[in-house]
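*Asks:* For reference, the sequence and a predicted model appear below.
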Amino acid sequence: MSATATAEPEVSTTPVGPVSSKSTKTFMQKLRRDWGLLLFALPGVLVILCFQYIPLLGNVIAFKDYQPFIGILDSDWVAFDNFSILFNGDPAFLNALKNTMIITFLQLLFTFPVPIVLALLMNSLISNGFKRAVQSILYLPHFLSWVVVVALFQHVLGYNGPLENFMAAIGGPAPEIIGNPGFFKPLLVLQDIWKNAGWGTILFLAALSGIDQNLYEAAAVDGASRWRQLWHVTLPGIRPVVILILILRIGDILSVGFEQIVLQQPAVGLEASEVLDTYVYNNGIIGGEWGISAAVGLVKGVIGVILVLGANKLAHMFGEAGIYQGAAK
Amino acid sequence: MTANAHLVSEEVEELHNREPKGKSLYVGHKAPWHIEAIKVVILGICCLAVIGPFVMVLSTSFADPVQIGRGGGLVLWPENPSWEAYRAIFAGGQVTRALLISVFVTVVGTFVSLMVTAMLAYALSRKQMLFNKIILMGLLLTMLFSAGMIPLYLTVKGFGLLDSLWSLIIPVAVSAFNTIVMRQFFQNLPDDLTEAASIDGASEMRIFFSIILPLSKPILAAIGLFYAVNYWNTFFSALLYINDQEKYPIQLVLRQYLINNQAIGVDIDLMGELPPPQPALQMAILVVSLVPIACVYPFLQKHFTKGMLTGAVKG
């Protein structure tokens, strides 16, 4: 055993060692050397190809009059006919676009700041035990499915729920929160905050703990009050992370929670709740308008990619300000 | 080798433990007690808003018909707690079947995802491998775009996966982000071990299964939990691909009974008692669907927090 072990290295280190640079090997030699590894990669590569890249090609149906019985390949080309829905003032589409924009705006305005405020509150607590307890509780809803979250809201705030009973007991007006089209968008924001705000604090907490403690001491020596310390030390300290997350959020502007909305759509009607994703679902998967809904989905996807790329570029520009160092410490 | 494994995992622990032990921020001025009290009250209310609904859900699932008949919907505390609602939903109807289906999807899905992800990540961690750059690029690009609902649906249909439980697993089997995280982990393992093994003539298969995987338990656990929660919560895929009610996973059944308020049948011997009321049945289903999440949550919290931080640090 030991004899072979000492004899072999000269033979077998050469192929795997760093000496064997790319240029010295032909394609076939490398293939022979790496086939084991390539076999390892194969299942993953197949999944990615079949369910990410083939569907990408499947977007050609946006340019076709797709008939399920004929198949994608044999359906007639119709050029940009399916895209006319975007421009001909179709009321259903315009409604979906309007709702999407309103919900995104509400989310940016109300959902986005909540984790920052929560993180500031949690970080400045004196008691570490209480802080940890708060964290364990507030992170929890992030791991629940939207079905569970929507069900909880319906049963707590809705018909015959504790809120209604409470209002009846004190003689107040019946709350019309669930199933009320007028309150649907604020309700979405509320649910989003309930589910994700706690979890959203993690990055901000990391950034907060990365702030140099000496800055606070220096500020305190200079006589800065606690509010001034917050304004001049804490907020500048987390600004890079806030900007980064805001930028990354921009890529998702046109996606406003498909699962969350599709679950509640029957209760409030399309007028108040239809967004681009549900428009694609309702008209395509349910309604069989394959071409048109694929076209809407494609445009949404392309705008999404452009926004993501643009946001990435911006993030890199701000990245030089030391975002990652801030979060790392 | 076990000693080495310890070393590596300690190193990783060390990497993750950079989260400081939270000192008070305001060094100069200790916060006056009333400000601290206000903060505690605000955060306490937030925690109540999260915990409160669960307490009511749990209580209602044990409540008896008389109490619910008096109060209507949810109750704060069950006066005569009974297991009848749980007995009814476990009597072998749709809820039982959906739970079994979800358990199957979660267990099999997590296993498949972990294997496929780990194997891909391992191959990609060997930088000299043929096609490494192309595969890595192809993987990274999937984080930028998504093909869209309609083409994805038609693809899944084209593969004949509609109404098959595999449609809930295979299309989402590999996450690019998880693969990258795992690849990073493999790259940080010391090369000596694999080199020594390959000198001894061990095949890639053998190196992977008897050296790499045992060393990677922490990362496998973390990413496995991530996959498992996603499989348990799977709703979008099921909504799209599963039409057959016999194959509904638990999330679709939850929607059916708790959001669309379909009446739940009771098929047990009541022995002259009143049947458990609908709210109790609904909440019992909800509680049961939450049990797996509650079981893994302590581990999740630990791993996820670390994962998020590593993700943020590495960019």
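*Replies:* Here it is on my side, so go on.
*Asks:* For residue 162, list the residues it contacts.
*Replies:* Picking chain A for this. Shown in contact with A:Pro162 (Cβ atoms under 8 Å, 6 or more residues apart in numbering or on different chains): A:Val156, B:Met56, B:Gly73, B:Leu74, B:Leu76. C-beta: built from backbone N, CA, C; applies to glycine.
*Asks:* actually it's chain B I care about, not the one you picked
*Replies:* B:Leu162 neighbours (Cβ under 8 Å, 6+ apart): B:Val156, B:Tyr241, B:Asn243.
*Asks:* The same query, at a cut-off of 10 Å, please.
*Replies:* B:Tyr153, B:Val156, B:Leu240, B:Tyr241, B:Ile242, B:Asn243, B:Asp244 (Cβ atoms under 10 Å, 6 or more residues apart in numbering or on different chains).
*Asks:* so does the strand or helix carrying B:Ala88 get close to chain A?
*Replies:* Here B:Ala88, judged by DSSP states H and E, is contained in helix B:84-89. No: Helix B:84-89 stays clear of chain A (Cβ under 10 Å from any Cβ of the partner chain), getting no nearer than 14.5 Å.
*Asks:* Quick check: buried residues in the helix or strand following that helix?
*Replies:* Counting by DSSP H and E, the next helix or strand C-terminal to helix B:84-89 is helix B:94-125. Applying a neighbour-count criterion of 16 or more other Cβ atoms under 10 Å in any protein chain shown, one finds B:94-95, B:97-99, B:101-102, B:105-106, B:109-110, B:112-114, B:116-125 buried in helix B:94-125.
*Asks:* do the same with stretch B:47-65
*Replies:* So for stretch B:47-65, counting by 16+ other Cβ under 10 Å, buried means B:47, B:50, B:53-54, B:56-65.
*Asks:* is it up against chain A anywhere?
*Replies:* Yes: using Cβ under 10 Å from any Cβ, stretch B:47-65 reaches chain A at B:Cys47, B:Leu48, B:Ala49, B:Val50, B:Ile51, B:Gly52, B:Pro53, B:Phe54, B:Met56, B:Val57, B:Thr60.
*Asks:* mind listing what the closest residue to A:Gln265 other than its chain neighbours touches?
*Replies:* Spatial nearest neighbour of A:Gln265, chain neighbours left out: A:Ser273 (4.8 Å); criterion: Cβ to Cβ, 6 or more residues apart in numbering or on different chains. By Cβ under 10 Å, 6+ apart, A:Ser273 lies in contact with A:95-96, A:99, A:103, A:181, A:184-185, A:188, A:261-262, A:264-267.
*Asks:* Show the buried residues in those.
*Replies:* Counted by 16+ other Cβ under 10 Å, the contacts of A:Ser273 give A:Asn95, A:Ala96, A:Asn99, A:Ile103, A:Phe184, A:Lys185, A:Leu188, A:Ile261, A:Val262, A:Gln264, A:Gln265, A:Ala267 as buried.
*Asks:* How many residues are close by A:Leu94?
*Replies:* By other Cβ atoms under 10 Å in any protein chain shown, the residues close to A:Leu94 number 13.
*Asks:* sorry, back to before: which ones among the buried ones among the contacts of A:Ser273 lie within strands?
*Replies:* Of those, none are assigned to strands by DSSP state E.
*Asks:* Among the residues you listed, which ones are in helices?
*Replies:* If you go by DSSP state H, these have A:Asn95, A:Ala96, A:Asn99, A:Ile103, A:Phe184, A:Lys185, A:Leu188, A:Ile261, A:Val262, A:Gln264, A:Gln265, A:Ala267 in helices.
*Asks:* surely the fifth one meets A:Gln265?
*Replies:* Spelled out, that is A:Phe184. Yes: taking Cβ atoms under 10 Å as the definition, A:Phe184 is a contact partner of A:Gln265 at 9.5 Å.
*Asks:* May I ask which helix or strand encompasses A:Lys241?
*Replies:* Quick fix: residue A:241 is Val, not Lys. Using DSSP H and E, A:Val241 maps to helix A:235-250.
*Asks:* Wondering if that helix reaches chain B at all.
*Replies:* Yes: counting by Cβ under 10 Å from any Cβ, chain B is contacted by helix A:235-250 at A:Gly237, A:Val241, A:Leu244, A:Ile245.
*Asks:* Lowest-confidence member of those, which is it?
*Replies:* pLDDT across those is lowest for A:Leu244, at 80.
*Asks:* List the residues that contact A:Glu40.
*Replies:* Residue A:40: Phe, not Glu. A:34, B:116, B:118-124, B:126, B:129, B:204-205, B:208 are the contacts of A:Phe40 under Cβ under 10 Å, 6+ apart.
*Asks:* measure the most centrally placed residue in chain B to B:Ile223 for me?
*Replies:* Centroid-nearest residue in chain B, with Cα atoms, centre = their mean: B:Val229, separated by 1.0 Å. B:Val229 sits 11 Å away from B:Ile223, going by Cβ to Cβ, to the nearest Å.
*Asks:* what does B:Val55 give?
*Replies:* From B:Val55 to B:Ile223 the distance is 32 Å (Cβ to Cβ).
*Asks:* Check B:Asn260 too.
*Replies:* Applying Cβ to Cβ to B:Asn260 and B:Ile223 gives a distance of 34 Å.
*Asks:* is it true that A:Phe258 touches B:Gly148?
*Replies:* No: assessed by Cβ under 10 Å, A:Phe258 is found out of contact with B:Gly148, at 11.9 Å.
*Asks:* overlap in contacts of those two?
*Replies:* By Cβ under 10 Å, 6+ apart, A:Phe258 and B:Gly148 have these common neighbours: A:Asp277, A:Val280.
*Asks:* who has more neighbours, the two?
*Replies:* The residue with more neighbours, out of A:Phe258 and B:Gly148, is B:Gly148; 28 against 19, by other Cβ under 10 Å.
*Asks:* How confident was the prediction at the closest residue to the more buried one other than its chain neighbours?
*Replies:* Using Cβ to Cβ, 6+ apart and skipping residues adjacent in sequence, the residue nearest B:Gly148 is A:Gly297, 3.7 Å away. A:Gly297 is assigned a predicted lDDT (pLDDT) of 94.
*Asks:* got the residue ranges for the strands in chain A?
*Replies:* A:64-65, A:76-77.
*Asks:* In JSON lines: those strands, plus mean neighbour count, distance to chain B and mean pLDDT.
*Replies:* Shown next, in JSON lines, are the strands of chain A (neighbours: other Cβ atoms under 10 Å in any protein chain shown; distance: least, Cβ to the nearest Cβ, whole Å; pLDDT from 0 to 100):
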{"stretch": "strand A:64-65", "mean neighbour count": "18", "distance to chain B": "11", "mean pLDDT": "88"}
{"stretch": "strand A:76-77", "mean neighbour count": "10", "distance to chain B": "17", "mean pLDDT": "88"}
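*Asks:* mind putting these in JSON lines, distance to A:Pro113 included?
*Replies:* Shown next, in JSON lines, are those (distance: least, Cβ to Cβ, whole Å):
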{"stretch": "strand A:64-65", "distance to A:Pro113": "45"}
{"stretch": "strand A:76-77", "distance to A:Pro113": "48"}
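*Asks:* Report the next helix or strand after whatever helix or strand B:Ala37 lives in in sequence order.
*Replies:* If you go by DSSP H and E, B:Ala37 is part of helix B:33-62. Per DSSP H and E, helix B:33-62 leads on to helix B:65-71 as the next helix or strand towards the C-terminus.
*Asks:* Pick out the residue closest to the middle of chain A.
*Replies:* Using Cα atoms, centre = their mean, the most central residue of chain A is A:Asp252, at 6.6 Å.
*Asks:* List the contacts of that one.
*Replies:* Neighbouring residues of A:Asp252 by Cβ under 10 Å, 6+ apart: A:Thr104, A:Gln107, A:Gly304, A:Leu307, A:Val308, A:Ala311.
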